[in-house]
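Engineer: structure, please.
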Amino acid sequence: MTTSSDPAGHGAGRVGSFTVLFDEGCPLCRTARWWLSRQDQLVPLHFVPAGSAAARSRFPGLDHEATLRDLTVIADDGAYYTGDSAWLACLWALTDHRATAERLSSPRLLPVARRIIAAASAVREATRSPTPSEPPFADYGDHCDDRCR
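Structural biologist: Numbering: from 1, shown residues only. Sure thing, here's the model as predicted:
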């Protein structure tokens with residue numbers, strides 16, 4: 001597989017879909033998956049639990065332990081994105097958020113985007129459970145109506 005340093009997926013004129021490897025044990029990741037799946041998508045997003053048998057069989061060349069630490073997005077052309085590039089690629093795939101992803105990937109705003117993503121990652125680490133059904137955070141965000149204030 002090839003890696004890309006294109007944080008917003010600007011080469012996606014050739015991309016037909018993204019596979020998002022998300023941490024099923026993380027309430028923040030599950031909520032992000034739920035939200036992303038309900039948005040209008042310019043580039044279809046397919047979700048596979050990171051580190052799962054399905055992920056390992058579909059992407060045998062990946063470091064699957066690393067995919068549990070950092071969000072990983074794989075384009076159907078074989079390019080893959082991790083960390084902040086993966087988050088921006090997900091936003092870029094959405095009809096209503098492509099322009100935001102492009103702005104955030106600019107040299108002026110990318111440091112801000114990286115700080116926001118690092119803060120989200122810190123929350124993720126603090127709330128992650130080994131399995132989605134394990135307390136105390138298993139239900140956090142699972143039934144969110146997307147009307148937070």
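Engineer: remind me which residues of the protein are low pLDDT?
Structural biologist: In the predicted model, the chain carries pLDDT under 70 at residues 1-13, 111-149.
Engineer: and the helices in it?
Structural biologist: Ranges of helices in the chain, per DSSP state H, are 27-37, 53-58, 64-69, 83-92, 98-104, 110-127.
Engineer: out of those helices, deepest packed?
Structural biologist: helix 83-92 (a mean of 25; mean count of other C-beta atoms under 10 Å). Quick note: C-beta positions are derived from backbone N, CA and C, even for glycine.
Engineer: tell me the angle it makes with helix 27-37.
Structural biologist: Between helix 83-92 and helix 27-37, the angle formed by their directions is 30 degrees, by axes from the mean of the first three to the mean of the last three C-alpha atoms, to 10 degrees.
Engineer: could you check how far Leu45 is from Ser106?
Structural biologist: For Leu45, the distance to Ser106 equals 23 Å [C-beta to C-beta, to the nearest Å].
Engineer: the two: which has the busier surroundings?
Structural biologist: A direct count of neighbours by other C-beta atoms under 10 Å for Leu45 and Ser106 places Leu45 higher, at 18 against 12.
Engineer: sorry, back to before: between the helices of the chain, which gets nearest to Thr19?
Structural biologist: Shortest distance between Thr19 and the helices of the chain, using C-beta to C-beta, is found for helix 53-58: 7.3 Å.
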